[in-house]
Every structure is written in C-alpha cells, then in structure tokens.
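Participant: Generate coordinates for the sequence data below:
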Amino acid sequence: MVPEGTTPPLGTGQPQAAPRHGVGAPELLSDPMSSRGSSSEDYKLRRKHELLRDLDKGTFTGWMEEGPIPPNPDLSSFPAVEEAFRVTDEFCNKYRALRMEVEILQEENNRLRRMLENFLTPIKDASPPLKE
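Facilitator: Numbering: from 1, shown residues only. This is a model prediction of the structure:
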C-alpha cells in the first residue's frame, strides 16, 4: 500500500492520485494496461487512436510483422496494373456508349408503340353510320 500523498511508480497497477482542477477530491488515474478506473471501451478508443496515429506516420509495427509497414508502392510501375486500368476504362466507355444506345432505342420503341396504339384504336369521336 502506498502512503497518502505519495505517488506509486508507473506499471505497478496501483492507481495514481492526481488533483482535479478546482475540486478538492482526488481523481484516480489508472495504469494504461490496468482495467481499474477505466472502462475497456476507453482503452479500445485510446488504442485505436494510437494505431491510427502510428499508421499515418508510417511507424506502426504489427505483432506478426518485422519492422514498420512499407509505404504503398507506385502502381504505375507495374505493367499488369496499367493494363488492368486501361481495360477497365475501355470497358466503362463501351458500357456508357451501349447504355446511351439502349436509351435511344427505348425512346424510339415507346414512340412506335404509341403510334401503333393510335393506329389500331378506333376513332371514338366519329359519328355513327347513317341508317337508311
């Protein structure tokens, strides 16, 4: 047990007393790896921020890896990737052209369908035939 008013060394798992600003009661701060005084969600959130910071800096070292993660390679240096991009762009351009042709043909089909309906429907406003 640590005497009142002293601070235990870090890593012992014992809570550390720190004065709250403007309040007389001390607030317990726990060791980062300890589950006392802090919820597991707080630890996960703190660890997530640390990992994202390390990834942004390029200094993250995973548990199963040796050394830092290398930066992303320049994809334009791989001929297969350039060919894949070219084929994908060509496919997308052809697809867009076909979609435009389909829209034009659908409009023409609808126009011809309306013309055929108008041609096949009898005229309703015509006067009845004369009786003799």
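Participant: which stretches of this protein form strands?
Facilitator: 16-19, 26-29 (DSSP state E).
Participant: any low-confidence regions in this structure?
Facilitator: Across the chain, the ranges flagged by pLDDT under 70 are 1-38, 59-73, 123-130, 132.
Participant: ok, now with 50
Facilitator: By pLDDT under 50, the weakly predicted segments of the chain are 16-30, 35.
Participant: other SSEs contacting the longest helix belonging to it?
Facilitator: Ranked by residue count, the top helix of the chain under DSSP state H comes out as helix 79-120. For helix 79-120, not one helix or strand is in contact under the criterion 3 or more Cβ pairs under 8 Å, 6 or more residues apart in numbering; DSSP states H and E. (Glycine included, C-beta is placed from N, CA and C.)
Participant: burial measure for residue 81, as a count.
Facilitator: For residue 81, the count of nearby residues is 13 (other Cβ atoms under 10 Å).
Participant: My guess is it contacts residue 75. True?
Facilitator: Yes. Counting by Cβ atoms under 8 Å, residue 81 touches residue 75, with 4.7 Å between them.
Participant: Tell me the spacing between residue 93 and residue 99.
Facilitator: 11 Å (Cβ to Cβ, to the nearest Å).
Participant: and what of residue 87?
Facilitator: From residue 87 to residue 99 the distance is 19 Å (Cβ to Cβ).
Participant: Now for residue 43, how many residues are close by?
Facilitator: Neighbours of residue 43 using other Cβ under 10 Å come to 15.
Participant: Equivalent analysis for the one 3 residues further on, please.
Facilitator: Using other Cβ under 10 Å, residue 46 has 12 other residues around it.
Participant: what's the spacing between it and residue 40?
Facilitator: 11 Å.
Participant: How about residue 118?
Facilitator: Residue 118 sits 73 Å away from residue 40, going by Cβ to Cβ.
Participant: and what of residue 94?
Facilitator: 53 Å.
Participant: same thing with residue 77?
Facilitator: According to Cβ to Cβ, residue 77 and residue 40 sit 44 Å apart.
Participant: try residue 90
Facilitator: 51 Å.
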